[in-house]
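Colleague: Output the structure for:
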Amino acid sequence: SVGMGGAATLVGIVAAARSRYAAASDDLLRVETGVQWSMIGVIVVTAVVMLTLAVLIGRAISRPVVRLAEAMTRLSKGDKSVDVPVVGSDEVARMTAAFAVFRTSMIEAEALARREREAQESRAARGQRIESLSSGFQRDVSVMLETVASAATELETTATAMSATAEETSQQASAVSHAS
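Modeller: Prediction:
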């Protein structure tokens with residue numbers, strides 16, 4: 001059995017323990033709240049950092065892709081002066097290098113087509129000149145043949161007339177010779 005003094009001591013100990021428990025509970029609650037806010041802060045900072053990195057990485061990827069797409073659009077509209085520098089060695093850089101090869105091939109193909117078209121036009125002009133010369137030559141030959149044919153006809157007419165005159169002269173000479 002505990003005396004009154006002991007009971008008071010026990011009540012004092014329990015009260016002190018409860019007081020310490022309440023203080024510890026308050027401290028624990030304060031620490032938990034601080035930890036929760038710290039965790040929320042870390043999560044928010046981490047989210048902001050990750051979002052910032054995602055935006056920066058996205059821009060680092062999208063800007064060259066957008067430049068390449070704009071260059072391809074200009075090239076498809078016929079602007080062959082467009083140039084996209086190859087930067088780095090990633091997929092976008094390889095696409096840019098392929099674009100440069102395509103652009104160069106397109107320029108060379110157009111130059112080849114232009115040279116072929118010029119050669120074809122030159123051949124057509126030469127053919128027209130040859131046809132014109134041939135037609136002119138044929139006309140000139142026809143005119144000359146008509147002139148020769150006309151001259152031959154006149155020559156034949158003259159020869160016939162001269163033959164008739166010679167015949168008449170021969171007959172007259174014969175008649176004169178018989179008369180003498």
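Colleague: If you count contacts, what does the helix or strand that residue 174 is a member of end up packed against?
Modeller: Assigned by DSSP states H and E, residue 174 falls within helix 91-179. Counting contacts by 3 or more CB pairs under 8 Å, 6 or more residues apart in numbering; DSSP states H and E, helix 91-179 is packed against helix 4-76. In this view, the C-beta of every residue, glycine as well, is placed from N, C-alpha and C.
Colleague: Assign residue 80 to helix, strand or coil.
Modeller: Of the three states, residue 80 takes coil under DSSP: H, G, I helix; E, B strand; the rest coil.
Colleague: For it, list the residues it contacts.
Modeller: The contact partners of residue 80, by CB atoms under 8 Å, 6 or more residues apart in numbering, come to 103, 106, 107, 110.
Colleague: buried subset of these?
Modeller: In those, burial by neighbour count holds for residue 103, counting by 16 or more other CB atoms under 10 Å.
Colleague: now the contacts of residue 80 as TSV including distance to residue 61 and pLDDT?
Modeller: Below are the contacts of residue 80 laid out as TSV (distance: CB to CB, whole Å; pLDDT from 0 to 100):
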residue	distance to residue 61	pLDDT
103	22	90
106	26	89
107	29	90
110	32	91
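Colleague: Low-confidence ranges, this structure, go.
Modeller: 1-5, 180 (pLDDT under 70).
Colleague: What about residue 68, how many residues nearby?
Modeller: Applying other CB atoms under 10 Å, we find 17 residues neighbouring residue 68.
Colleague: roughly how far apart are it and residue 144?
Modeller: 72 Å (CB to CB, to the nearest Å).
Colleague: about what we covered before: list just the nearest of the contacts of residue 80 to residue 130.
Modeller: residue 110 (30.1 Å; CB to CB).
Colleague: where's the residue nearest to the closest one when sequence neighbours are not counted relative to residue 71, distance?
Modeller: Spatial nearest neighbour of residue 110, excluding adjacent residues (CB to CB, 6 or more residues apart in numbering): residue 80 at 7.8 Å. Separation of residue 80 from residue 71 (CB to CB) stands at 11 Å.
Colleague: What about residue 66, how many residues nearby?
Modeller: Applying other CB under 10 Å, we find 11 residues neighbouring residue 66.
Colleague: same question but for residue 64, I mixed them up
Modeller: Count around residue 64 with other CB under 10 Å applied: 21.
Colleague: tell me the contacts of it?
Modeller: Contacts of residue 64 were listed using CB under 8 Å, 6+ apart, and they are 87, 92, 93, 96.
Colleague: Distance of it relative to residue 90?
Modeller: From residue 64 to residue 90 the distance is 9 Å (CB to CB).
Colleague: Could you do residue 6 as well?
Modeller: Taking CB to CB, one finds residue 6 at 83 Å from residue 90.
Colleague: cool, residue 170 as well?
Modeller: Counting by CB to CB - residue 170 and residue 90 are separated by 117 Å.
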